[in-house]
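Asks: the amino acid sequence is not available; the structure is as follows:
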């Protein structure tokens, strides 16, 4: 499977690292740095998953998720919270908001691509 991934991350270092790890794993990866750019890109409907930072410079990641869910072309698109929020209860909070998965930063470069694929396989099986 050649997964098509959109990374939404406003920190340039984090964005480059995530892109590099996923590209090495054979995924087709695009990146944007704002919530609005993510909304614009997702309108195309040709993505397999979105990795969405929560703290963006323009829109909160939760707001971006809610807007994606309101649109027919992205309502069922898997969206994973990719966040530095890693306190007790954060994962449950983001999953309750409607995210399909939760990954924390800093990422574990050895496991990250497999974690993304797990989210996708869970969506296919459900």
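Replies: In hand now; what should we look at? Just so it is clear, the model here is predicted, and its values are computed rather than measured.
Asks: use CA for all of it now, contacts and neighbours both
Replies: OK.
Asks: helix, strand or coil for the residue nearest to the spatial centre of the chain?
Replies: Most central in the chain under C-alpha atoms, centre = their mean is residue 51, positioned 1.1 Å from the mean C-alpha point. Of the three states, residue 51 takes strand under DSSP: H, G, I helix; E, B strand; the rest coil.
Asks: roughly how far does residue 105 sit from residue 45?
Replies: As for residue 105, its distance to residue 45 is 27 Å (criterion: C-alpha to C-alpha, to the nearest Å).
Asks: actually, residue 20.
Replies: Residue 20 is 23 Å from residue 45, where distance means C-alpha to C-alpha.
Asks: please enumerate the strands of this protein.
Replies: For the chain, strands defined by DSSP state E occupy the ranges 4-8, 28-32, 49-52, 79-83, 101-104.
Asks: residue 92: which of those strands is closest?
Replies: Ranking the strands of the chain by distance to residue 92, with C-alpha to C-alpha as the measure, places strand 101-104 first at 8.9 Å.
Asks: against the centre of this structure, work out the most remote residue.
Replies: Here the chain has its C-alpha centre computed as a mean, and the residue farthest from that point, by C-alpha atoms, centre = their mean, is residue 88 with 20.5 Å.
Asks: show me what the nearest residue to residue 79 once chain neighbours are set aside is bridged to.
Replies: Taking C-alpha to C-alpha, 6 or more residues apart in numbering as the measure, residue 79 lies nearest to residue 50, with 4.7 Å between them; neighbours along the chain are not counted. According to DSSP bridges, the partner residues bridging residue 50 are residue 6, residue 79.
Asks: now do the contacts for residue 50.
Replies: For residue 50, the contacting residues are 5, 6, 7, 8, 77, 78, 79, 80, taking C-alpha atoms under 8 Å, 6 or more residues apart in numbering as the criterion.
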